[in-house]
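Asker: what would the 3D arrangement of this be:
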Amino acid sequence: MRYSYLSHLSCPKCQKIYTKEEVHHLCTCGSPLLVNYDLQKLKSDWTKEALDPTDHSLWRYHPFCL
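Answerer: The predicted model follows:
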């Protein structure tokens, strides 16, 4: 399974796209950036067994979020 399904960052205000390799918190227009994921790849890779059944915290989803 991949460690991260992050695809890119996007601005909801001006639609500018930033690659995941760039470190940004705000767009050049001042808007906070949205994180976009490769949901098709996640859907094809994901299995219920991939989650740690003993971990009931949010960290159990860590492999799917970065």
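Asker: tell me the pLDDT at the residue in the chain sticking out farthest from the centre?
Answerer: Distance from the C-alpha centroid of the chain peaks at Thr54, with 23.5 Å (Cα atoms, centre = their mean). Turning to Thr54, the model gives it a pLDDT of 82.
Asker: could you do the one 4 residues further on as well?
Answerer: At Leu58 the predicted local distance difference test score is 78.
Asker: neighbours around it, how many?
Answerer: Per other Cβ atoms under 10 Å, the neighbour tally for Leu58 reads 8. To be clear about C-beta, it is placed using only N, CA and C from the backbone, and glycine gets the same treatment.
Asker: so that it lines up with my notes, have the first residue be 2 from now on.
Answerer: Shifting the count to begin at 2 puts that one at Leu59.
Asker: any idea how far it lies from Asp53?
Answerer: Going from Leu59 to Asp53 by Cβ to Cβ, to the nearest Å gives 12 Å.
Asker: please apply the same query to Lys44.
Answerer: Here Lys44 is placed at a distance of 20 Å from Asp53 (Cβ to Cβ).
Asker: who has more neighbours, these two?
Answerer: Taking other Cβ under 10 Å, Lys44 and Asp53 do not tie; Asp53 has more neighbours (13 against 9).
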